[in-house]
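In: what follows is a predicted protein model with its sequence.
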Amino acid sequence: MPLLAAATRRTFLLRLLLPVFLLLGAVAARAAEAVVTGSVSNAATGNLLEGARVEVPALGRVAFTDGTGRYVLAGLPPGEHALVVTYLGLDAARAGVTAAAGARVERNFDLTTAIYRLDAFKVTGEREGDAAALTLQRNAENVKNVVAMDSFGNLPNLSAGEVVMRLPGVAGSPTDEGLAYWFNIRGMDPQLNSVTIDGGGLPSMNLNRTFQLQSVTGTMFEALELTKGHTPDKGADSLGGTINLKTRSPLSMREPRRTTYSLTARVAPSFFEQTPTREQHRAHPLSTLAHQQLFDVFGGQRNLGVALNLFYSENAVGGASTTLDYQNTLNPEAFVWDFRQWDNINNRKQTSANLRADYRWSPETRFSVTLLANDNFERHRRRMEVRAFTGNANTVPNATTTGVVPGLFNGRVTVVRPVAAANLDVLMDGPLNTYVRTRKVDLGAEHEFGRWQLDYTGGIGYTNLNTGQGTAGALTMRLAGAGWILERTDDPMYPRLLANGGPDFLNPDNYRPTANGLTNTNNQIDRLMT
């Protein structure tokens, strides 16, 4: 019994001390390992490159540079190592390093290519932007499309929605004004697609979960990532896919400061027909301003980077719609019993500001904070509709009572005589107001722990949507008993409406308000989405 008790005690002590021995062994093994770190940059532009591949071929070890262009190869055995660095569009670089046990060796790389040496001024900007996007796409852990935000040149409104609509697998839903509001991914409803900024969720900009991407300018972001399909790290709001807008870290800049700006104007030419608002104000500005700067703080060097992006846009857009309701018949010729046409006038303004600060606490740890403020407002969106109608879809024309004259209609022309059933309406509504205010704060950190790379992100954001007709409304004026002719021979989309007897429909004195024609639809909507 005493021998059995002693054996039991030895077994207990062995089990108790075994984890300690294993931990000490791991610490000793890690102390004997070497770490090689550094940065990879583009020699022509001075930018530090994200996604560059750093490899030790003899050991089969690979690392990729992060958003600040830095890489870490941890857990290397002491001794001589040959490194190979590759990046899409640039020549591969090779170098040898000597790493001692427990030491941290820094080796930086400046990549270049013969094409830059031939004509650096013309190719660097576009070449680097596309190469960065393609590199991120190649290194992605799942299937995704990555495009540089400037890949499609200067788009009309420089919005993120205009870029998204041009990607494979995405169907855009432009409005009558040509604005890129909603989008479908893989045929999924817009409510089943999510939008993030640097991995952090963006509050919805609509009354439901759909995103109105025309309210987000693409000038504040470096690249756009499109992940089609659902992945394990996504919520139920991304069954169709996820769009991630990526900002550039200011720590990836080689020079101490950089300022870029643009000031353009969109001019509506006088030799084209324009909406009344554009005729009064033909030029509309579109401007951007971006500044990045590096600072030395708390005894470090170039360890704090700050980037500020500002955007302003004004655009008087307009839209038009034509609706033709034909007679319900199997005959080859049918008349138009209801004709509607409206014009929309809308002066949109957008202001955006994005502030990002990255702080490198140590070679292993980096913190970031991003502030986003985005305002999109439409103060005086007005619409005027003209309607000419008589009878209904099942009316059979006769010689005496109906407005439509028998035998005087076909697919291009409809003749309506001046009878009581012939009506013309003029409707005006507005001003329709829309205010979208988005505010967002994101905090992030990256930490290197041996061979582990730990990322954590947290943030809060909200969108305040205020929309409706305010204290305005709609007024419908009617002229009864006036004949009209709808003629579509020259232009089927914009037909001519001609007089055909009865009161003059061009004289405003002949119109009277309809019953309940003046309505005050105070349907102001004010919602907060987080």
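Out: That came in fine, so what should we check first? Numbers count the residues shown, from 1 in each chain.

In: am I right that Leu424 is in contact with Arg387?
Out: Yes. Using C-beta atoms under 8 Å, Leu424 is in contact with Arg387, at 6.9 Å. Any C-beta I mention is one placed from the backbone N, CA and C, and that applies to glycine too.

In: who's more crowded, those two?
Out: It is Leu424, of Leu424 and Arg387, that has more neighbours when counted by other C-beta atoms under 10 Å, with 26 against 17.

In: now the helices for the stretch 51-200 of the chain?
Out: For the stretch 51-200 of the chain, the helices defined by DSSP state H, counting those that start in this stretch occupy 114-118, 120-139, 160-164.

In: secondary structure element for Thr210?
Out: Following DSSP states H and E, one finds Thr210 outside all helices and strands.

In: all further residue positions should be reported with the first residue as 6.
Out: Right, with 6 as the first residue, what we last looked at is Thr215.

In: can you tell me how far it is from Val424?
Out: In this view, Thr215 and Val424 are 46 Å apart by C-beta to C-beta, to the nearest Å.

In: can you name the next helix or strand after the strand or helix carrying Leu229?
Out: Per DSSP H and E: Leu229 is located in strand 228-233. The first helix or strand that comes after strand 228-233 along the chain, using DSSP H and E, is strand 246-251.

In: what residues does that following strand touch?
Out: The contact list for strand 246-251 (C-beta atoms under 8 Å, 6 or more residues apart in numbering) reads 165, 169, 174, 190-191, 193, 198-204, 207, 221, 223, 225-236, 239.

In: just stretch 440-452 next, same as before
Out: Stretch 440-452 has contacts (C-beta under 8 Å, 6+ apart) with 71, 202-205, 207-208, 210, 217, 220, 369-383, 458-472.

In: can you flag the buried ones in these?
Out: Among these, those scoring as buried are 71, 202-205, 207-208, 210, 217, 220, 369, 371, 373, 375, 377, 379-383, 462, 464, 466, 468-472 (criterion: 16 or more other C-beta atoms under 10 Å).

In: sitting in strands, which of the residues you listed do you find?
Out: 202, 205, 371, 373, 375, 377, 379-383, 462, 464, 466, 468-472 (DSSP state E).

In: so what sits opposite Thr419 in the bridge?
Out: When assigned by DSSP bridges, Thr419 has beta-bridge partners Phe414, Leu491.

In: pretty sure it sits against Pro500.
Out: No. The pair Thr419 / Pro500 is not scored as a contact, 9.3 Å apart, by C-beta under 8 Å.

In: for those two, indicate the residue with more neighbours.
Out: The residue with more neighbours, out of Thr419 and Pro500, is Thr419; 27 against 21, by other C-beta under 10 Å.

In: ok, now how distant is the more buried one from Phe510?
Out: With C-beta to C-beta as the criterion, Thr419 and Phe510 are 15 Å apart.

In: again with Asn359
Out: In terms of C-beta to C-beta, Asn359 sits 52 Å off from Phe510.

In: repeat for Arg386
Out: According to C-beta to C-beta, Arg386 stands 26 Å off from Phe510.

In: neighbours of the residue nearest to Thr117 when sequence neighbours are not counted, how many?
Out: Nearest residue to Thr117 in three dimensions, chain neighbours excluded: Ala48, at 4.2 Å (C-beta to C-beta, 6 or more residues apart in numbering). Counted with other C-beta under 10 Å, the neighbours of Ala48 add up to 18.

In: list the buried residues in the strand or helix carrying His452.
Out: Using DSSP H and E, His452 falls within strand 428-454. For strand 428-454, the neighbour count (16+ other C-beta under 10 Å) marks 428-432, 434-439, 441-445, 447, 449-451, 453 as buried.

In: quick one: list the elements packing against the helix or strand hosting Leu502.
Out: If you go by DSSP H and E, Leu502 is part of strand 501-504. Judged by 3 or more C-beta pairs under 8 Å, 6 or more residues apart in numbering; DSSP states H and E, strand 501-504 is in contact with strand 489-492.

In: center of the chain, which residue is that?
Out: By C-alpha atoms, centre = their mean, the chain has its centre lying nearest to Ala165, at 2.9 Å.

In: shared neighbours of Thr419 and Pro500, anything?
Out: Leu491.

In: give me the sheet partners of the strand holding His452 and which way each runs.
Out: Applying DSSP bridges, strand 428-454 is found paired with strand 370-394 (antiparallel), strand 457-473 (antiparallel), strand 478-485 (antiparallel).

In: and it, how far out from the chain's middle?
Out: How far strand 428-454 lies from its chain's middle: 12 Å, per C-alpha atoms, centre = their mean, to the nearest Å.

In: what is the mean pLDDT for it?
Out: Mean pLDDT, strand 428-454: 84.

In: kindly report the same for stretch 366-377.
Out: Per-residue pLDDT values over stretch 366-377 give a mean of 89.

In: roughly how far does Asp348 sit from Thr180?
Out: Counting by C-beta to C-beta, the gap from Asp348 to Thr180 is 14 Å.

In: and what of Ala325?
Out: According to C-beta to C-beta, Ala325 and Thr180 sit 12 Å apart.

In: same question, Phe277
Out: Phe277 sits 21 Å away from Thr180, going by C-beta to C-beta.

In: who has more neighbours out of those two?
Out: Comparing Phe277 with Thr180 by neighbour count (other C-beta under 10 Å), the higher total belongs to Thr180, at 15 against 7.

In: count of residues packed around the closest residue to that one other than its chain neighbours?
Out: Spatial nearest neighbour of Thr180, excluding adjacent residues (C-beta to C-beta, 6+ apart): Tyr186 at 5.5 Å. Tyr186 is flanked by 21 other residues according to other C-beta under 10 Å.

In: I figured Tyr186 hits Glu167, correct?
Out: No. If you go by C-beta under 8 Å, Tyr186 and Glu167 don't touch, sitting 10.9 Å apart.

In: overlap in contacts of the two?
Out: Residues touching both Tyr186 and Glu167 by C-beta under 8 Å, 6+ apart: Gln219.

In: contacts only, for Met482.
Out: Met482 neighbours (C-beta under 8 Å, 6+ apart): 430-432, 513, 516-519, 522.

In: make it 7 Å
Out: Shown in contact with Met482 (C-beta atoms under 7 Å, 6 or more residues apart in numbering): 431, 516-518, 522.

In: are any of those buried, and which?
Out: The neighbour count (16+ other C-beta under 10 Å) marks 431, 516 as buried among the contacts of Met482.

In: filter the contacts of Met482 down to the ones in strands?
Out: Short answer: those in strands (DSSP E) are 431, 517-518, 522.

In: closest to Glu338 among the residues you listed?
Out: Closest approach between these and Glu338, by C-beta to C-beta: Val431, at 29.3 Å.
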